[in-house]
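In: no sequence on this one, just coordinates:
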């Protein structure tokens, strides 16, 4: 039977509550997000190990990071035309299987070239998963619940820091940088099995499907001006993470002076804080509306990014405080934006829109990683030079996104 959005009864004036299946679906999708996000996130802290192990330059490591993004972006564009023509659960499992195979290849890579190709393959499949998750979320949850759901899904990001990154760094330091990828494959197989068995078909959108062919459906989705403004905001918000993360571990170790052994503590503290704060941001977004939360996040992001990228030798405690506040700002932008953008397309265009939006995100991230790799240089002692210039670009993209956000709010169609 077609999966339909479900809500349980709530007292008049009170926000709607989750049904048991909605809670189960949120948990499954969060588990999936944990695996996919960790695959990308682990590259940053492992950079301090991978670059010397494979004699990589900053430009080469930036290429490894951006290879995932570029291939994910291309894959998103290629799949957009038929993303609304299938049961979203089946589409999700297909791409998730390819993602796990690519991750296994990363764990077996023995050279820069092999790792580069492995990241391309992983991106081709993994880059589409996020868009399918967003489409499923919009199909299963009404607008009044989406802020909370996005906050919980972003908990997958936080969990990857609380559990995944410290454990991954432990495996890497005990064995080699290959170990976290192999462990991720094992985790991913478990998550995929849970989704295959427990998730109902997500195919209600097929009842309202269009008779258009693939090319026409894609053109129809791209012909909406409000869609393009949304794509632009997504691309600008992506710039920050993709510019800062690839060289964050090298910057923290060699510029700030935090030892490699203490690096897991930074990610652990940041992840715990984010895990607690993300659901709160989602609730605030539902209660106050996405705009006030988004603009507050932009202010926090600009201030903390400027401070963070200018850090010199500092204590571990100061670094942790700056890191957690910076991530609070970043998530205060992302969560309300995701809740808002999920309601922009019509249901029969949701898969195509989400795929293109994800593609724009990944392509923008790939460009950002390449630009960051050409802005910074790695000194003989491992120090990252010109990192403040990366911060200026991130702040500039945040301000432009804030200006565009108001225009999107004015022209977007009624929320579905």
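Out: Structure's in. What do you need? The shown structure was predicted, so the numbers you read here are calculated from the model rather than taken from an experiment.

In: which residues of the stretch 301-416 of the chain fall in helices?
Out: Ranges of helices within the stretch 301-416 of the chain are 316-341, 350-375, 387-411, based on DSSP state H, counting those that start in this stretch.

In: scratch that, the stretch 51-200 of the chain is what I was asking about
Out: With helices called from DSSP H, counting those that start in this stretch, the stretch 51-200 of the chain shows them at 58-80, 88-108, 112-140, 143-159, 165-174, 179-198.

In: coming back round to it: and the helices of the stretch 301-416 of the chain, which is most packed in?
Out: When these are scored by mean count of other Cβ atoms under 10 Å, the highest mean neighbour count falls to helix 350-375 (a mean of 25). Yep, even glycine has a C-beta here, placed from its N, CA and C like the rest.

In: counting by contacts, list what that helix packs against.
Out: The helices and strands touching helix 350-375, judged by 3 or more Cβ pairs under 8 Å, 6 or more residues apart in numbering; DSSP states H and E, are helix 58-80, helix 112-140, helix 214-222, helix 225-244, helix 387-411.

In: if we use 6 Å, what do you get?
Out: helix 58-80, helix 112-140, helix 225-244, helix 387-411 (3 or more Cβ pairs under 6 Å, 6 or more residues apart in numbering; DSSP states H and E).

In: which residues touch residue 395?
Out: Contact partners of residue 395, counting by Cβ atoms under 6 Å, 6 or more residues apart in numbering, are 302, 305.

In: how far away is it from residue 183?
Out: With distances taken as Cβ to Cβ, to the nearest Å, residue 395 is found 36 Å from residue 183.

In: what do you get for residue 408?
Out: Distance of residue 408 to residue 183, given as Cβ to Cβ: 40 Å.

In: just residue 334 next, same as before
Out: 27 Å.

In: does residue 408 touch residue 228 like I think?
Out: No. Shown here, residue 408 and residue 228 do not form a contact pair, counting by Cβ atoms under 6 Å, at 9.9 Å.

In: now stretch 329-341: mean pLDDT?
Out: Mean pLDDT, computed over stretch 329-341, is 82.

In: ok, residues contacting it?
Out: Applying Cβ under 6 Å, 6+ apart, the contact partners of stretch 329-341 are 146-147, 150-151, 154, 230, 237, 278, 281-282, 285, 290, 293-294, 296-298, 300-301, 304.

In: list only buried entries from those residues.
Out: Listed as buried from the contacts of stretch 329-341 are 146-147, 150-151, 154, 230, 237, 278, 281-282, 285, 290, 293-294, 296-298, 300-301, 304; burial here means 16 or more other Cβ atoms under 10 Å.

In: nearest residue to residue 102 other than its sequence neighbours?
Out: With sequence-adjacent residues excluded and distances taken as Cβ to Cβ, 6 or more residues apart in numbering, residue 102 is closest to residue 122, at 3.1 Å.

In: residue 199 contacts residue 91, correct?
Out: No. In this structure, residue 199 is not within contact of residue 91 by Cβ under 6 Å, at 11.9 Å.

In: neighbour-wise, which of these two wins?
Out: Taking neighbours as other Cβ atoms under 10 Å, residue 199 and residue 91 compare with residue 91 leading, 24 against 21.

In: remind me which residues of the stretch 301-416 of the chain are low pLDDT?
Out: The model of the stretch 301-416 of the chain has pLDDT under 70 over residues 342, 346-351, 410-416.

In: just to revisit the earlier point, hang on, isn't the residue nearest to residue 102 packed against residue 100?
Out: No. Using Cβ under 6 Å, residue 122 is not in contact with residue 100; the gap is 9.0 Å.

In: name the helix or strand for the residue nearest to residue 333 when sequence neighbours are not counted, please.
Out: Once flanking residues are discounted, residue 333 sits nearest to residue 297: 3.9 Å by Cβ to Cβ, 6+ apart. Secondary structure assigned from DSSP states H and E places residue 297 in helix 290-309.

In: show residues contacting that helix.
Out: Residues outside helix 290-309 that contact it (Cβ under 6 Å, 6+ apart): 284-285, 322, 325-326, 329-330, 332-333, 336, 339-340, 387-388, 391, 394-395, 398, 402.

In: before we move on, what about stretch 120-140?
Out: Against stretch 120-140 from outside (Cβ under 6 Å, 6+ apart): 5, 25, 29, 36, 67-68, 71-72, 75-76, 79, 88, 91-92, 95, 98-99, 102-103, 149, 202, 342, 350-351, 354-355, 358, 362.

In: any quick PyMOL command for the buried ones out of these?
Out: Only the buried entries of the contacts of stretch 120-140 go into this PyMOL selection, using 16+ other Cβ under 10 Å:
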select buried, resi 5+25+29+36+67+68+71+72+75+76+79+88+91+92+95+98+99+102+103+149+202+342+350+351+354+355+358+362
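
In: and stretch 279-292, how far out from the chain middle?
Out: With Cα atoms, centre = their mean, to the nearest Å as the basis, stretch 279-292 stands 19 Å off its chain's centre.

In: return the set of buried residues in that stretch.
Out: If you call a residue buried by 16+ other Cβ under 10 Å, then stretch 279-292 has these buried ones: 279, 281-286, 290.

In: thank you, goodbye.
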